[in-house]
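Visitor: 3D, please:
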Amino acid sequence: MMAGITVVAALGLGAAACGSSPAASSSASGHVTISVDCAPPASSAQQHKEWNEDVATFEKENPSITIDSIYENPCEVPASFTAMLGAGTEPNVFYTYFTDKDQVLDAGQAADITPYVNTKTVPMLDDIVPSAMASVTAGKTIYGLPTSNYTQGLVINRQLFTEAGLNPNDPPTTWAAVEKDAAAITKLGNGIYGYGDYSAGNNGGWHFSSELDAMGGHMINPAGTAASFDTPEGAAILQALHTMRFVDHSMSPTQQLEWGALQKQMAAGKLGMYIAAPDDIYNVIVPQDGGNINDYGMGPIPTATGTPAGSLSGGNDYMFAKRDTPAQIEAGIKWLVFESLTPGQGVYFNFARQKADGFPVGFPEPQLFTGSTEAQYDKLLDASATINPSYYSTFANSRETPMGEPVDAQAVYKTLDPVMLSVLTNPNPNISQLLATATSQVNQILANSG
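Guide: Numbers count the residues shown, from 1 in each chain. Take a look at the predicted model:
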């Protein structure tokens, strides 16, 4: 339900780290210092305050451990992440997307933490959803711990829906209905557009993947050996976007957008709809970009029929640097359990504190947990909920099936960025040729990685 500060959902992109060097060490005296990135920066005032409160509490309870916080948001830029791995300068405990595992392992920068992970050190281990644990596991070797999990839906601006004479309690569920509603919202004028999407920073391909999953398609075949998006479903998505951009003019002429741009437009009341996970609202649009929490709602990802076959799912985790000492690994695990994996505590799961601090609580999002941990999580969440659940009911009730991310996801997403950009900037794109070319390129990526 609650995700890390940047999902790419979230897949959040961009980083300008502040704070001390990632280098850290354990001393002969038994004291250990660990550097941890993706700490909420001062620009996210409430989460920054809460993170620092948690660090103080944790260090008081564990006087032999010092947390060296690296404040940044968004937490990862693909190029910078690659450079960091190449130089071996990652923090002791470093944030990654689920899709980064192969890149980190290929770079040889991940520590094997298997001997340190068990139900004593990670009490909720057996209740973490298997797909999330798979993101940090290769064979039987564990390299990290997941901290968030998500599916995506259609975020809507309820205020703009109302102003356009639309029913905000009935978000569109088909591409045809999205087109109709987007046109109505765009007629409001004043720089308002009905729909937005990405086409840069790997985000265009990421959204295309999720939209394709909802239509019942798949980016890669089940064997992971060939692209499978050059289909009627893939073409239908691109045609729907092109129609809104060049026929209805319900998408902005400013394109080549990356993560963060649509959130700002939504917060400013200039965008009616876009695809995202719920945490875009509670982690970005409201606290960072100044949006009004009551202005937003969600429905499922649009499809041809109105019933999504699934949704791309993913999330974030923390892995451990290859150079970490055993003491640093043990300290890092203890910190992650404290801050990111225990219902009722931490910057994301201390719902009572979030409510007291005026942060909205209760957004629907796929669980990171099952079993008794899930039950505890839900009980605490419900006790502190502050949002109107009806605003998100069509998204929650769609129960989208998590589809995971494709093989070599970031490379695949990057290959589809130009396809998305073309349909959003070229009045006469050859959609068939675009899909065929991207298919050839992805097949080459898969062949090289195999």
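Visitor: the closest residue to Val55 other than its chain neighbours: which element?
Guide: Ranked by CB to CB, 6 or more residues apart in numbering and with sequence neighbours excluded, the top spatial neighbour of Val55 is Ile67, at 4.8 Å. Placement of C-beta: from N, CA and C, glycine included. Using DSSP states H and E, Ile67 sits within strand 65-71.
Visitor: now the element after that strand, going C-ward?
Guide: Using DSSP H and E, the helix or strand that directly follows strand 65-71 along the chain is helix 78-87.
Visitor: can you show me the CA trace of the strand holding Ile67 as CSV?
Guide: Only the C-alpha atoms of strand 65-71 are listed here, as CSV (Å, rounded to 0.1, in the frame of the first residue of the first chain):
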residue,chain,number,x,y,z
ILE,A,65,25.5,2.0,14.9
THR,A,66,25.6,5.3,13.1
ILE,A,67,23.4,6.0,10.1
ASP,A,68,25.0,8.3,7.5
SER,A,69,22.0,9.5,5.6
ILE,A,70,22.4,10.6,1.9
TYR,A,71,19.4,12.9,1.2
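Visitor: quick one: mean pLDDT over that strand.
Guide: Summarised as a single mean, pLDDT over strand 65-71 is 98.
Visitor: for the helix or strand of the chain with the lowest mean pLDDT, packing partners?
Guide: Sorting the helices and strands of the chain by mean pLDDT, DSSP states H and E puts strand 313-314 at the bottom, at a mean of 82. Secondary-structure packing of strand 313-314 (3 or more CB pairs under 8 Å, 6 or more residues apart in numbering; DSSP states H and E): strand 150-151.
Visitor: how many neighbours does Thr62 have?
Guide: Rather than Thr, residue 62 is Asn. Asn62 has 15 neighbours, counted by other CB atoms under 10 Å.
Visitor: just checking: what are the partner strands of the least confident helix or strand of the chain?
Guide: strand 150-151 (antiparallel) (DSSP bridges).
Visitor: average pLDDT for the strand it pairs with?
Guide: On average, strand 150-151 scores 86.
Visitor: next structured bit after it?
Guide: With elements assigned by DSSP H and E, the helix or strand that comes after strand 150-151 is strand 153-157.
Visitor: so after that following strand, what's the next helix or strand?
Guide: Next in line after strand 153-157, if elements are assigned by DSSP H and E, sits helix 158-163.
Visitor: domain map for the protein?
Guide: Annotated domains of the chain cover 32-150+314-384, 153-311+407-449 [automatic domain parsing].
Visitor: re the thing from before, show me how far the least confident helix or strand of the chain is from its chain's centre.
Guide: Put simply, strand 313-314 sits 7 Å off its chain's centre (CA atoms, centre = their mean, to the nearest Å).
Visitor: for whichever helix or strand comes after that strand, which outside residues touch it?
Guide: Under the assignment DSSP H and E, the closest C-terminal helix or strand after strand 313-314 is strand 316-320. When contacts are defined by CB atoms under 8 Å, 6 or more residues apart in numbering, strand 316-320 is touched by residues 3-4, 6-8, 10, 36, 38, 75, 92-98, 101, 104, 110-111, 113, 132, 135-136, 143-148, 328-329, 332, 336, 340.
Visitor: so which of those residues are in helices?
Guide: Taking DSSP state H as the definition of helices, those contribute 101, 104, 132, 328-329, 332, 336, 340.
Visitor: the host helix or strand of Gly205 versus strand 153-157: what angle between them?
Guide: Using DSSP H and E, Gly205 falls within helix 203-214. With axes from the mean of the first three to the mean of the last three CA atoms, to 10 degrees as the basis, helix 203-214 and strand 153-157 are set at 110 degrees to each other.
Visitor: pLDDT (mean, whole number) over helix 203-214?
Guide: The average pLDDT within helix 203-214 is 96.
Visitor: whichever helix or strand comes after it packs against which elements?
Guide: Next in sequence after helix 203-214, counting helices and strands by DSSP H and E, comes helix 232-242. Other helices and strands packing on helix 232-242, by 3+ CB pairs under 8 Å, 6+ apart, are helix 175-186, helix 203-214, helix 409-425, helix 431-449.
Visitor: so which elements touch the longest one?
Guide: Okay, so that is helix 431-449. helix 232-242, helix 409-425.
Visitor: which of these has the highest mean neighbour count?
Guide: Stretch with highest mean neighbour count among these: helix 409-425 (a mean of 23; mean count of other CB atoms under 10 Å).
Visitor: mean confidence score for that helix?
Guide: For helix 409-425, the mean confidence score works out to 96.
Visitor: give me the helices and strands touching it, please.
Guide: The contact analysis (3+ CB pairs under 8 Å, 6+ apart) places helix 409-425 against helix 203-214, helix 232-242, helix 431-449.
Visitor: Gly194 is nearest to which of those?
Guide: With CB to CB as the criterion, Gly194 lies closest to helix 232-242 of those, at 12.1 Å.
Visitor: and the closest one, how far out from the chain middle?
Guide: Counting by CA atoms, centre = their mean, helix 232-242 comes out at 23 Å from the chain centroid.
Visitor: same deal with stretch 354-361?
Guide: For stretch 354-361, the distance from its own C-alpha centre to the chain's C-alpha centre is 21 Å (CA atoms, centre = their mean).
Visitor: contacts for that stretch?
Guide: 46, 49-50, 281-282, 286-287, 293, 351, 381, 384-387.
Visitor: can you do 7 Å?
Guide: By CB atoms under 7 Å, 6 or more residues apart in numbering, the residues outside stretch 354-361 that reach it are 46, 282, 286, 293, 351, 381, 384-387.
Visitor: include distance to Ile275, secondary structure and neighbour count when you put those residues into TSV, please.
Guide: Shown next, in TSV, are the contacts of stretch 354-361 (distance: CB to CB, whole Å; DSSP: H, G, I helix; E, B strand; the rest coil; neighbours: other CB atoms under 10 Å):
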residue	distance to Ile275	secondary structure	neighbour count
Gln46	26	helix	15
Tyr282	17	helix	22
Val286	18	coil	21
Ile293	20	helix	18
Phe351	26	helix	24
Leu381	24	helix	20
Ser384	28	helix	17
Ala385	25	coil	15
Thr386	25	coil	13
Ile387	20	coil	19
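Visitor: which one of the helices and strands packed on helix 232-242 is the most hemmed in?
Guide: With neighbours defined as mean count of other CB under 10 Å, the helices and strands packed on helix 232-242 peak in mean count at helix 203-214, which reaches a mean of 29.
Visitor: could I get it in CSV with only the CA atoms?
Guide: Taking C-alpha atoms only, helix 203-214 is exported to CSV below (Å, rounded to 0.1, in the frame of the first residue of the first chain):
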residue,chain,number,x,y,z
ASN,A,203,9.6,6.4,-18.6
GLY,A,204,7.9,6.3,-22.0
GLY,A,205,8.7,2.6,-22.5
TRP,A,206,7.8,2.0,-18.8
HIS,A,207,4.3,3.4,-19.3
PHE,A,208,3.8,1.7,-22.6
SER,A,209,4.7,-1.6,-20.8
SER,A,210,2.0,-1.1,-18.2
GLU,A,211,-0.6,0.0,-20.7
LEU,A,212,0.2,-3.1,-22.8
ASP,A,213,-0.1,-5.4,-19.7
ALA,A,214,-3.6,-3.9,-19.1
